[in-house]
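K.L.:
show me how the following folds:
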Amino acid sequence: MPDAPRPSAARLPWLRLALLVLILGAAAGSLLLWDPTQLLAARTAGIWRVPVFLAVYALGTLAFVPKPALNAAAGLLLGVAVGLPLAVLGTTLGAALAFGLGRVLGRDALRPLLKAKVLAALDRRLTEQGFRSVLLLRLIPGIPFQAANYGAAFSGVGTVPFLSATALGVVPGTAAYVVAGASAGTPGSPAFLLSAAVIAAMGVFSLASLWRSSRRSRAATATAAATTA
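P.N.:
Here you go, the predicted model:
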C-alpha cells in the first residue's frame, strides 16, 4: 500500500498549534466532569497525598481554574505551613506544563507574529532579561497567569529563568490567598484581616493598571489619528 501523504513542513507548525488549542479546550471542558477543589479536599492517605495534591493543582491551573480559588483551598485544607509551599510548587508545576506545551506546540507557528513592533520589543525584553521580566509579570497583580505562561513560551526566555522567576514571583499573591483560606473560620483575626487587605490592595492596583493602560492606548490612538490626518 502506498504511504499516507505527509503534511508539508510549512503546515506542521500550524498543526501543532491546532493540537495545543485542542488540548487547552479539552482541559477547560474537562471541568464539567471534575472539580479540582473537591479533589483537593479528598483525604488521600499516606505518601500519595502530596503527589495527588500537586497533580490536581497543576492540572487545575492548566484547565484555567482561577489560582485564587486553588490557593484558598490549599490554605483551608492544609493550613499555611503546608499549604503555602505546596501551592507555590503546584503553581510552578502548572506553569511548567503550560510553558512546555506552548514552547513545543505553539511557538513555531506564532513566532513570526512577534515581528510586530510592540511584540518584538516585548520578545526582546523577555529574551535578554528573562528572569527579571518574568518576575515582574508574576509580581504585578492583574496579569493573567496563563497569558504570562504562553507569552513566555512563545518568546526566547529560557526554561530555568522562567521557572525560577515564577516560583519566586508568585509567593506574595499566593501567600495572601492561602492565609485567607486558612483563617476563613475566624474572619475577625489579624491574619484574615491582613490577607484581605493585601487582596483588596492587589485588586485596586490591578484596576488602576488597567485604567492607566486604557488611557495610554486612547492617547496613542488619538496621536496616530492626528498624525495621519
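
K.L.:
where along this structure do the helices fall?
P.N.:
With DSSP state H, the ranges of helices along the chain come out as 12-29, 36-41, 49-62, 67-101, 107-110, 117-128, 130-139, 145-154, 159-169, 171-182, 190-228.

K.L.:
what pLDDT, on average, does the shortest one get?
P.N.:
If you average the pLDDT over helix 107-110, you get 77.

K.L.:
what comes up buried for it?
P.N.:
Neighbour counts using 16 or more other C-beta atoms under 10 Å place 107, 109-110 of helix 107-110 among the buried residues. C-beta: built from backbone N, CA, C; applies to glycine.

K.L.:
distance of Asp108 from Leu31?
P.N.:
According to C-beta to C-beta, to the nearest Å, Asp108 and Leu31 sit 29 Å apart.

K.L.:
cool, Gly203 as well?
P.N.:
On the measure of C-beta to C-beta, Gly203 and Leu31 end up 24 Å apart.

K.L.:
for the residue most central in space within the chain, which non-adjacent residue is closest in space?
P.N.:
The chain has Phe145 as the residue nearest its centroid, 2.4 Å off, counting by C-alpha atoms, centre = their mean. In space, and not counting its chain neighbours, Phe145 is closest to Lys67: 5.5 Å by C-beta to C-beta, 6 or more residues apart in numbering.

K.L.:
quick check: the gap between that neighbour and Ala87.
P.N.:
9 Å.

K.L.:
quick one: low-confidence parts of the chain?
P.N.:
1-10, 42-46, 112-120, 205-207, 209-229 (pLDDT under 70).

K.L.:
related to what we said a few turns ago, find residues that contact each of Lys67 and Ala87.
P.N.:
Common neighbours of Lys67 and Ala87 (criterion: C-beta atoms under 8 Å, 6 or more residues apart in numbering): Thr174.

K.L.:
neighbour count winner among the two?
P.N.:
Shown here are Lys67 and Ala87; by other C-beta atoms under 10 Å, Ala87 has more neighbours (29 against 22).

K.L.:
isn't the more buried one up against Tyr57?
P.N.:
Yes - contact status for Ala87 versus Tyr57: in contact at 7.0 Å, counting by C-beta atoms under 8 Å.

K.L.:
which residues are common contacts for those two?
P.N.:
Residues within reach of Ala87 and of Tyr57 at once, by C-beta under 8 Å, 6+ apart, are 70, 74.

K.L.:
so what's Ile143 up against?
P.N.:
Ile143 makes contacts with Leu137, as judged by C-beta under 8 Å, 6+ apart.

K.L.:
got the phi and psi for it?
P.N.:
phi -80, psi 120 (degrees, to the nearest 10).

K.L.:
could you give the backbone dihedrals for Gly142?
P.N.:
phi 90, psi -10.

K.L.:
burial count for it?
P.N.:
For Gly142, the neighbour count with other C-beta under 10 Å is 13.

K.L.:
mind checking how far it is from Gly185?
P.N.:
To Gly185, Gly142 is 29 Å away according to C-beta to C-beta.

K.L.:
try Leu97
P.N.:
Leu97 is 32 Å from Gly185, where distance means C-beta to C-beta.
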